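Colleague: The sequence and its predicted three-dimensional model are supplied below.
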Amino acid sequence: MATLRKEKYGNRVGWRLQFRQGGKRRSLWIGNTSKRVANTVMRHVEELARAADANTTADAEAAKWVRGVDQRIHKTLTKWGLAVSRTSVTAEMKLCGHYFEHLITDRWEGRTARNYRQGAKSFTDHFGYDRPLSSITKADFAAWHRWMSKTKGLAEATANKRAKMVRTLLKEAVHAQIIAENPGTGHKIGGEVNPDRQFYVTAEATKSILSQCDSEWALIIGLCRYAGLRCPSEIQALTWSDVQWDENRLRIDSPKTGLRFCPIFEPLRPLFNAAWDRTGDEPAIHVVSRYRDRETNLRTQCHRIIEAAGLVPWQKCFVNLRASCRTDLEEQFPAHVVNGWLGQSSRIAERHYLQTTDAHWERAASNNPFGGVTGGVTSVAQPPPEPTTEDDEDEKTPVLAGSGETGPDTRHAQEDSNLRPSD
């Protein structure tokens, strides 16, 4: 169910609409308008999302509204697949490379646009930049997916990720009525998880790395490892006004998932204090003031710092810092609490973030997680022997091994033994 709330966004006050589309949480800034207008926007957006989820056509009123809405909201709705791009389709846009570049430029920016361009380039490298979109068949799409792994040598997770991106681009071509059918529909694409690239950053390793950092880099590493912030998007967006000292929490306005709050955990306090002291009498607006360019390559410098600490740099350095944070928090807090703090779902965490650490193995080997159950074999209970007298013992004749001869009570003893459980 969609919700409306009035909030302050930067220096502006206005209405924000939050709703779910295909299981994903969406947040749309409507702006400073009347509540009646905001409710009208909410009603139309709800109808567009319902139609998209059901793969049906939205009602006429919502379709008319979205065609005339202002460019900012229309661009956002187009990005989510709830509206069709207003750009007229030219003959050039019916070609793979030209269409992909136009759509990516219009829809995304920053690292997201870069990732989509990588997927599009893999596609056009195989089929050609000027290949007509309408000539791509389902068999072509499947052959290209296999080609990325077997011929180009990409990791399976990377090939799967790019295949899903191109399938999304082709879906938009269907919405724009450039092609009648998405050739990627129905093709099974595996997961994007590569366990070989997962790495748990221990507390000891983190301390060694922080010892090699200046105050700003220590805060970048700390925010990833001790608060699970996404780097660079969420860290670059963090301002000093978002650091709520009295309430001991961070306000994180994520470009990806919207607004959330996270505790200022104990290891972060000294890092914030050191960074604040560095700002002097005129503190900067942003917590991280040195690296403001969204295209800045922080990974290379992070690897240098890790090497200076005497460690071997691991792949996906910032993602694995965030994953290590998630793994630690999951040990102490319920999943739904950690989801709210880190801005992710349990499903995503299980697939991409949660890791099995050395501590898990050691604890499993040194403790018994099964309560009172032991590893020994429990023998079947035997009935207690019947009391005997001295006279009875004298009357029994022992069986001679291999003789085939038995005493007078042997028949009954054999019958009784057949009723008892065997060893």
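Modeller: All right, it came through fine. Numbering: from 1, shown residues only.
Colleague: Please count neighbours and contacts with C-alpha atoms only from this point.
Modeller: Fine.
Colleague: Can you give me the pLDDT of Pro398?
Modeller: Confidence at Pro398, expressed as pLDDT, is 43.
Colleague: This structure: strands as residue ranges?
Modeller: Shown for the chain, the strands assigned by DSSP state E span residues 3-9, 12-21, 24-31, 243-244, 249-254, 258-263.
Colleague: can I get those in JSON lines with distance to Thr300?
Modeller: Putting the strands of the chain into JSON lines (distance: least, Cα to Cα, whole Å) gives the following:
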{"stretch": "strand 3-9", "distance to Thr300": "33"}
{"stretch": "strand 12-21", "distance to Thr300": "37"}
{"stretch": "strand 24-31", "distance to Thr300": "32"}
{"stretch": "strand 243-244", "distance to Thr300": "28"}
{"stretch": "strand 249-254", "distance to Thr300": "24"}
{"stretch": "strand 258-263", "distance to Thr300": "28"}
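Colleague: In terms of mean pLDDT, which of the ones you listed ranks lowest?
Modeller: Looking across these, the weakest by mean pLDDT turns out to be strand 3-9, at a mean of 83.
Colleague: Low-confidence regions, the stretch 151-300 of the chain specifically.
Modeller: 280-283, 294-295 (pLDDT under 70).
Colleague: any idea where the helices of it begin and end?
Modeller: Using DSSP state H, counting those that start in this stretch, the helices found in the stretch 151-300 of the chain span residues 156-175, 203-210, 215-227, 233-237, 268-279, 298-308.
Colleague: need these in TSV with mean neighbour count and distance to Arg251, can you?
Modeller: Formatted as TSV, the helices of the stretch 151-300 of the chain follow (neighbours: other Cα atoms under 10 Å; distance: least, Cα to Cα, whole Å):
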stretch	mean neighbour count	distance to Arg251
helix 156-175	21	31
helix 203-210	16	23
helix 215-227	23	11
helix 233-237	19	10
helix 268-279	16	14
helix 298-308	16	23
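Colleague: With respect to Cys96, which of those helices lies nearest?
Modeller: Closest approach to Cys96 among the helices of the stretch 151-300 of the chain (Cα to Cα): helix 156-175, 9.3 Å.
Colleague: May I have the closest one as CSV, with CA atoms only?
Modeller: What follows is helix 156-175 as a C-alpha-only set of coordinates in CSV (Å, rounded to 0.1, in the frame of the first residue of the first chain):
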residue,chain,number,x,y,z
GLU,A,156,29.7,-17.1,-14.7
ALA,A,157,28.4,-14.5,-12.2
THR,A,158,29.6,-11.6,-14.5
ALA,A,159,28.0,-13.2,-17.6
ASN,A,160,24.7,-13.7,-15.8
LYS,A,161,24.7,-10.1,-14.5
ARG,A,162,25.3,-8.7,-18.0
ALA,A,163,22.7,-10.9,-19.5
LYS,A,164,20.1,-9.7,-17.0
MET,A,165,21.0,-6.1,-17.8
VAL,A,166,20.7,-6.5,-21.5
ARG,A,167,17.4,-8.3,-21.0
THR,A,168,16.2,-5.3,-19.1
LEU,A,169,17.3,-3.0,-21.9
LEU,A,170,15.4,-5.2,-24.4
LYS,A,171,12.3,-5.1,-22.2
GLU,A,172,12.4,-1.3,-22.5
ALA,A,173,12.6,-1.7,-26.3
VAL,A,174,9.4,-3.6,-26.1
HIS,A,175,7.7,-0.8,-24.1
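Colleague: Need the contact partners of that helix.
Modeller: Helix 156-175 is touched from outside by 81, 84, 100, 103, 116, 118-120, 122-123, 145, 148-149, 179-185, 189-194, with contacts defined as Cα atoms under 8 Å, 6 or more residues apart in numbering.
Colleague: mind redoing it with 6 Å?
Modeller: Judged by Cα atoms under 6 Å, 6 or more residues apart in numbering, the contacts made with helix 156-175 from elsewhere in the structure are Gly119, Met148, Ala180, Asn182, Gly184, Ile189, Gly190, Glu192, Val193, Asn194.
Colleague: And stretch 209-227, by the same measure?
Modeller: By Cα under 6 Å, 6+ apart, the residues outside stretch 209-227 that reach it are Leu229, Leu271, Ala274, Ala275, Ile306, Ala309, Leu321, Arg322, Cys325.
Colleague: how does it look with 7 Å?
Modeller: The set of residues that contact stretch 209-227 without belonging to it, under Cα atoms under 7 Å, 6 or more residues apart in numbering, is 229-230, 265, 267-268, 271-272, 274-275, 288, 305-306, 308-309, 318, 321-322, 324-325.
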